[in-house]
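[1] Can you look at this prediction? I've put the sequence above it.
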Amino acid sequence: MSLAELSALPLETTASILGVNADTALEHRLQALGFRVGKQISVIRKAWLGGPLHVRIGTTEVIMRRCDARSIQVQPN
Amino acid sequence: MANSINCNKCNSDGSPLLDVTSTAGLKQIAVLGMPNTGKSTFFNRLTGANASVGNWPGITVDLMAAKIKLGQQETQVVDLPGIYDLRGFSEDEEVVRKFLESNPVHLVIIILNAAQLDRQISLALQIKHIGLPALLLLNMADEAPKFGVQIEPESIARHLEMPVVQMSAKYGQGYAQARNSIVAQLGRQSEPMLAGKIDKNLVTDAEFATEMGALLQDGFHVSAEFKETITTKIDRVLLHPVFGLPIFFGLMYLMFQMVYTIGKPLQDGLNSGVEWFKTAAVEPALSFLPKFPHDLLIDGLYGGMATVAAFLPVIWIFFICMAIVEDSGYLSRSAYLMDAFMERLGLDGRSFVMSLMGFGCNVPAIMGLRVMRSPALRLLSMLVIPFSLCSARLNVFIFMTTALFNANVAPLVLFSLYLFSFAAAILTAFIFKGKYPNQEPLILELPPYRFPTVRQMLLRAWSETKHFLRFSWRFIIFGVVAIWLCNNLPTNVEPASAGTISGEIGRALQPILGPIGINPKLSVALIFGFIAKEIVLGGLAVIYATKQDAGLAGAIAKEIDWVQAYSFMLFTLLYVPCLSTVAVIKAESKSIKFAVMGVLWSLVLAWSASFIFYQGARLLGF
């Protein structure tokens, strides 16, 4: 599989982060939560009815909305 | 997040302000850390939970601070808000930046979660670049091995050019060493230092990433394959797509059931104690007074206050439960479960978490909305939160449900009020979401499941109970005495009869409150309930005690039936939140117009709901 947005990454597939396309505020927050280029990331679960994604990055777990996850480009391993 | 909205960090309750001007000879320490790292637990351990609020140059919010002796040195320790990034745009991040730029310190204690050092180390690196004297505490060191994390403090210390100590603030391992390190570090720094313009001193992202990479390569090792933790297993159940929500509502129901089951006997016990003290000590001591001041003091002041004081056990137990829910990490999970729904209401999972906090007290919940950047999202949440059934309203409802319903039905009645509370919030969001559209991103950390220590629970319950007392005592005394006076003036008519002030007010309001089944006596309690919901109950005690001796519960049960009582509770649930909530809404929205609009909306909604219920029930023959 070629590069994709995090929101489209299948469950339990590890990918590495290629880049983050967000405004500065969101980019800073994402960096502080561990979203940096080259980091390994996977989607553990997706809430029903278009709800948030549960994402694991390193030892950190976060929830984020699918629309926000679209700003993160990943390359599945 | 939980900690940043804890109301013991504000001084709106009139608690003593720390004098921060007389700092001569005092060494200054600032405690800095990311959210969910146990920063406040460490702060409480270091300062012995003796902190008070104070304000500082350059910033507009109050921070917790304590004066303690470290080694031979008198020191002032300030607890800064938990932040992710010194460059951040949130209000908390702005506060920390301004604090460090305007207040010279001898030492910055940085607290990070050892298991998540791979990302959190960025905050320590930023402090290094700013050039402030610092010390890094790797907290929750007991959790790190569970994630397969190994740390070499010496390498990290070399890269950061500051001492690094591993510890557990919660259980105390490594604490003594951490404290010694702090004392030693403080001894070396004779002059306080100020951060220059912070944005100017930070390096570019690329340089930063390189430096961070090198540090982590040397000092932070994590086993390649993911280790399944207990948290992963619990999440599989609690975040289950089908069972997640029912479990969530079930847990909430259990929690309130527990408050009810444990709280009620304690409340009864306290009540009889207070009653005994009145007969044994207060009445004999005041027997020399003429009838009017005697009754004012005993029936008005003592009677009303005693009724309210009897609710301290409930508040105490409620916040023990809240401490468990908050510290467990389940609150952010509930945001995950509810976000799909909240998004459709124009809100997000955080609004839901704050509304849940509002079930304790609306005031800190509304203050907690500062974590959101979008003003529209904050305003919409501010309209919704006041419908959260806060502990003050809970007191009224516990009392009335016990007085008017049998023990089997009472918890169900109470639960139905919670459902109405949700319904009102949902309806409000739905109606107003078009007026306050927003595109705020939602990104929340899910910390591992933790259980608070008994000490943490007691500390939380105690500080909330104290806060409740401080915050509401003045209101309550004023309200209860005012109600008593309204019931007993003028003196030439029978107390609480139609001829008294309250009789007049009640009658004047009958055209409005009559159709919802609220009699003149209850009307008076409602009017004063605008000041604080606690007064509703104290007020009822005063109103009814003037004519009855059989106890308030019996007195009320004799005069109104359950339909009236439920209509009264519905109105109490939905109408104007207390004066403090209105004051906070005005302060946070910076708009009187908005606060007034919120008040009017709640009155309209309360009256409509009660009207439909009361008239409907009567039509059905109840």
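    Perfect, I can see it now. Numbering: from 1, shown residues only, chains lettered A, B, ... in the order given.

[2] helices and strands of chain B: which one bottoms out on pLDDT?
    The helix or strand of chain B with the poorest confidence is strand B:52-54; it has a mean of 67 (mean pLDDT, DSSP states H and E).

[3] which SSE is residue B:350 in?
    In the assignment (DSSP states H and E), residue B:350 maps to helix B:349-358.

[4] Could you find the closest non-adjacent residue to whatever residue of the stretch 251-400 of chain B ends up closest to chain A?
    Among the residues of the stretch 251-400 of chain B, residue B:340 lies nearest to chain A; the distance is 3.2 Å by C-beta to the nearest C-beta. (C-beta placed from N, C-alpha, C; glycine too.) With sequence-adjacent residues excluded and distances taken as C-beta to C-beta, 6 or more residues apart in numbering or on different chains, residue B:340 is closest to residue A:51, at 3.2 Å.

[5] Just the helices from the stretch 351-500 of chain B, written as ranges.
    Counting by DSSP state H, counting those that start in this stretch, the segments of the stretch 351-500 of chain B that form helices are B:362-367, B:375-384, B:391-404, B:410-432, B:454-488.

[6] Just say which of those helices is most tucked in.
    helix B:362-367 (a mean of 26; mean count of other C-beta atoms under 10 Å in any protein chain shown).

[7] on that earlier part again, I'd like to know how far the residue of the stretch 251-400 of chain B closest to chain A sits from residue B:235.
    Between residue B:340 and residue B:235 the distance, using C-beta to C-beta, to the nearest Å, works out to 17 Å.

[8] ditto for residue B:208
    32 Å.

[9] Could you look up the SS state of residue B:602?
    Residue B:602 carries the three-state label helix when classified by DSSP: H, G, I helix; E, B strand; the rest coil.

[10] cool, residue B:510 as well?
    helix.

[11] Quick check: it vs chain A, distance?
    With distances defined as C-beta to the nearest C-beta, to the nearest Å, the gap from residue B:510 to chain A amounts to 47 Å.

[12] That residue is in contact with residue B:520, isn't it?
    Yes - contact status for residue B:510 versus residue B:520: in contact at 6.4 Å, counting by C-beta atoms under 8 Å.

[13] which of the two has more neighbours?
    Between residue B:510 and residue B:520, counting by other C-beta atoms under 10 Å in any protein chain shown, residue B:520 is the more crowded of the two (21 against 14).

[14] Name the helix or strand for the residue of the stretch 251-400 of chain B closest to chain A, please.
    Residue B:340 is part of helix B:330-344, with elements assigned from DSSP H and E.

[15] Would you mind listing the outside residues contacting that helix?
    Outside of helix B:330-344, the residues that reach it under the criterion C-beta atoms under 8 Å, 6 or more residues apart in numbering or on different chains are A:47-52, A:54, A:63, A:65, B:1-2, B:235, B:238-239, B:244-245, B:248, B:251, B:325, B:348-353, B:356, B:442, B:444-447, B:449.

[16] where does chain A come near chain B, residue by residue?
    Remark: the part of chain A in contact with chain B comprises A:22, A:24-26, A:28-34, A:36-37, A:44-45, A:47-52, A:54, A:56-65, A:67-68, using C-beta under 8 Å from any C-beta of the partner chain.

[17] Mind checking which of those land in helices?
    Counting by DSSP state H, the members of the residues of chain A next to chain B that fall within helices are A:24-26, A:28-32, A:67-68.

[18] Show me what the helix holding residue B:350 is in contact with.
    Residues outside helix B:349-358 that contact it (C-beta under 8 Å, 6+ apart) are A:52, A:63, B:1, B:5, B:322, B:331-332, B:334-336, B:338-339, B:342, B:364-366, B:368-369, B:371-372, B:377, B:380-381, B:384-386, B:388, B:390, B:425, B:442, B:444.

[19] For residue B:183, give me its contacts.
    For residue B:183, the residues meeting the contact criterion (C-beta under 8 Å, 6+ apart) are B:70-71, B:73.

[20] Out of these, the closest to residue B:539 would be?
    residue B:70 (49.4 Å; C-beta to C-beta).
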